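**Q** requesting a structural model of the entry that follows:
(one chain, ligands or ions: 1)
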Amino acid sequence: MQYLLALDEGTTSARSVLYDESGRRLAMESCPVECAYPQPGWVEQDPGAIWRAQRESARRLMRAAAVRPSEIVALGITNQRETTIVWDRQTGQPVAPAIVWQCRRTADYCAALASSPAGAPITGKTGLVIDAYFSASKIRWIIEETPGARERADAGDLLFGNVDTWLVWQLTNGAVHATDFTNASRTMLMDLATGDWDDELLGIFDVPRSMLPRIVPSSSVIGTAMAEHLGAEIPIAGIAGDQQAALFGQACFRPGLSKNTYGTGCFALIHTGSRLPASNSGLVATRAASADSVAQFAMEGSVFIAGAALQWLRDEVGTLRSAEESEQLAASIPDNGGVYFVPAFVGLGAPYWDSSARGLITGITRGAGRAQLARAALEAIAYQTRELVEALEAGSGQRITELRADGGAAVNNFLMQFQADILGIPVVRPVDTETTALGAAYLAGLATRFWKDPAELEGFWKAERVFEPSITAPARDALLDGWRRAVRRCRL
Ligand code: ADP
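**A** Take a look at the predicted model:
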């Protein structure tokens, strides 16, 4: 038998997933990865722990599935994006903990940068909003704040990588220092138009070019994982950052196709083809993973608080036993009873970009209870996603005619139906909602000719359920009107 292996390194766990020739998921194993919070707003991980968790999950997977390592044709890697690791070129030792994407330690630096003359070229070249998320300010921080690191970096002794690069380096015993276009496009050091590291950006962040990995196509043979790690030599044949991998795993290969991942927050991406989108209204332009070396692009936007609003009702308010219970509670009442919940816990993202907004619940009457709160939280996910979809359509100039859904909250049928109602377009949930790992497997399978072309993969993609809009336009408008009134009130 022949199999494809996906290594899916997320923020909270490292997972390994096994696929057969028809792209069917056969088995999955995961190992947790701890985060440390050494100061308010700071988030770190141990690079060694990330690697060990990833390797262990793959070993466990092969044991559990009784697969011989020699039966694995290739592996693909997908990863938490932007998280920054710097290590010594000779010893392989990290010089500092990994700075995780969520870490806000460089927020002040980024705010100052955004209002300086350097702001315009950064945004113009990278397609990104200047923010502490992206890797450049994190690399700079490690170089400047770690004793001796500046000298070592300037002498060419240090290497930078996101988690994909770090895993490739480990798997190849230091033979390959590479990343793919999707991860590189999130560093804030790559010119999106040329697909190369940019000297002006390197100068702004004071990062020596010698630290940076080679950028390779997302679907290409990058190196060979050494036998001591996974039991056999296995070609590493695909890399993509998690959201771009999910877009690929949803078989969104063409302009206009889009997906939304419903998790703690939401991440929506629309494929824009070979046309470079301009970043605007807080959306970012980014590289999409492609089956060949032709550059493909996407626009991306995110909702900060989605499933997290349910966690809040469960953990802080105590009106929800579990996130799953929200489905049955919401469906137990005929409508929202006029209750709206704007979960602006950390401000509002696209299209408002108001960091001072704070959450509120409006329209409460004596009859309102657990069901209304749960329903309002689920509806809020759908309203926010609609606003994101509108922004993506405006930004990309493409019409979105169907939204592909994945992520932990996509199992909620009430949410999916309400999403279709409020968008006025079908929402499609695929059979395999682990689209991130699937996308990495697809990329590796294409590069090794395990699969012929994207058309073959399109044949694998199957809808488990299509949610068709089922409310009238006036009913939709009335709901949206209620939401917008609530949003206006939450802005200070
Ligand atoms: P992450 O963003 O950490 O990758 P997941 O994709 O695993 O998260 O999704 C977890 C989120 O989905 C949580 O915020 C949880 O509240 C929410 N969630 C999980 N199951 C459901 C459900 N049945 N209905 C609604 N929300 C859910």
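
**Q** just give the nearest non-adjacent residue to V163, would you?
**A** Counting by CB to CB, 6 or more residues apart in numbering, N79 is the residue found nearest to V163 once chain neighbours are left out, at 4.0 Å. Bear in mind the C-beta positions are built from the backbone N, C-alpha and C, glycine included.

**Q** and that neighbour, how many neighbours?
**A** 31 (other CB atoms under 10 Å).

**Q** from the ligand, how far out is it?
**A** 13 Å (CB to the nearest ligand atom, to the nearest Å).

**Q** how about the residues of the chain near the ligand?
**A** 263-264, 307-308, 310-311, 323-324, 326-327, 407-409, 411-412, 415 (CB under 6 Å from any ligand atom).

**Q** report the lowest-confidence entry in those residues.
**A** Among those, T264 has the lowest pLDDT, at 87.

**Q** hang on, the earlier thing: so who does the residue nearest to V163 touch?
**A** D8, E9, G10, N162, V163, D164, L167, N183, I239, G241, D242 (CB atoms under 8 Å, 6 or more residues apart in numbering).

**Q** tell me the one among the residues of the chain next to the ligand nearest to L247.
**A** G407 (12.7 Å; CB to CB).

**Q** tell me the centre residue of this structure?
**A** Central residue of the chain (CA atoms, centre = their mean): Q243, 3.4 Å from the mean position.

**Q** now do the SS call for the spatially closest residue to that one that is not a sequence neighbour.
**A** Nearest residue to Q243, sequence neighbours excluded (CB to CB, 6+ apart): F267, at 4.9 Å. Under the three-state scheme (DSSP: H, G, I helix; E, B strand; the rest coil), F267 adopts strand.

**Q** circling back to that earlier point, could you export the contacts of N79 as CSV, including pLDDT?
**A** Shown next, in CSV, are the contacts of N79 (pLDDT from 0 to 100):
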residue, pLDDT
D8, 96
E9, 96
G10, 91
N162, 98
V163, 98
D164, 98
L167, 98
N183, 98
I239, 98
G241, 97
D242, 95
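
**Q** where does the stretch 51-200 of the chain get nearest to the ligand, which residue?
**A** Q80 (9.7 Å; CB to the nearest ligand atom).

**Q** that residue touches V163, doesn't it?
**A** Yes - using CB atoms under 8 Å, Q80 is in contact with V163, at 5.8 Å.

**Q** overlap of the contact sets of the two?
**A** Counting by CB under 8 Å, 6+ apart, the shared contacts of Q80 and V163 are E9.

**Q** comparing the two, which residue is more hemmed in?
**A** V163 (34 against 23).

**Q** wait, that one touches A49, no?
**A** No - using CB under 8 Å, V163 is not in contact with A49, being 11.7 Å away.

**Q** thinking again about what came up before, and the residue nearest to the centre of the chain, what element?
**A** For Q243, the element it lies in under DSSP states H and E is helix 242-249.

**Q** just checking, what packs against that helix?
**A** strand 72-79, strand 258-262, strand 266-273, strand 284-288, strand 296-303, helix 435-447 (3 or more CB pairs under 8 Å, 6 or more residues apart in numbering; DSSP states H and E).

**Q** winner for burial among the ones you listed?
**A** helix 435-447 (a mean of 31; mean count of other CB atoms under 10 Å).

**Q** hey, C-alpha coordinates of stretch 233-243 in CSV?
**A** The C-alpha coordinates for stretch 233-243 follow below in CSV (Å, rounded to 0.1, in the frame of the first residue of the first chain):
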residue,chain,number,x,y,z
GLU,A,233,13.7,8.2,4.2
ILE,A,234,10.6,10.1,3.1
PRO,A,235,10.5,13.0,0.6
ILE,A,236,9.2,16.3,2.0
ALA,A,237,7.1,17.4,-0.9
GLY,A,238,4.7,20.1,0.3
ILE,A,239,4.5,23.1,2.6
ALA,A,240,1.8,25.6,3.3
GLY,A,241,0.7,27.8,6.2
ASP,A,242,-2.4,26.6,7.9
GLN,A,243,-5.0,28.9,6.3
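
**Q** ok, which of the helices and strands packed on helix 242-249 comes nearest Y109?
**A** Distance to Y109, taken as CB to CB, is lowest for strand 284-288 among the helices and strands packed on helix 242-249, at 19.0 Å.

**Q** looking just at contacts, which helices and strands does that closest one meet?
**A** helix 181-184, helix 242-249, strand 266-273, strand 296-303.

**Q** skipping adjacent residues, who's closest to the residue of the stretch 151-300 of the chain found nearest the ligand in space?
**A** Nearest to the ligand, among the residues of the stretch 151-300 of the chain, is G263, at 2.5 Å (CB to the nearest ligand atom). Once flanking residues are discounted, G263 sits nearest to G407: 4.3 Å by CB to CB, 6+ apart.

**Q** OK, contacts around the one you found?
**A** N260, T261, Y262, G263, C266, G307, T433.

**Q** before we move on, the earlier item: contacts only, for the residue nearest to the centre of the chain.
**A** Counting by CB under 8 Å, 6+ apart, Q243 has contacts R81, T261, F267, L269, E300, T436.

**Q** mind putting these in JSON lines, distance to P147 and pLDDT included?
**A** Output for the contacts of Q243, formatted as JSON lines (distance: CB to CB, whole Å; pLDDT from 0 to 100):
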{"residue": "R81", "distance to P147": "28", "pLDDT": "95"}
{"residue": "T261", "distance to P147": "40", "pLDDT": "95"}
{"residue": "F267", "distance to P147": "37", "pLDDT": "94"}
{"residue": "L269", "distance to P147": "40", "pLDDT": "96"}
{"residue": "E300", "distance to P147": "37", "pLDDT": "94"}
{"residue": "T436", "distance to P147": "37", "pLDDT": "95"}
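
**Q** tell me the one of those residues nearest V129?
**A** Looking across these and measuring by CB to CB, the closest to V129 is E300, at 10.5 Å.

**Q** show me the beta-bridge partners of that closest one.
**A** L269, V284 (DSSP bridges).
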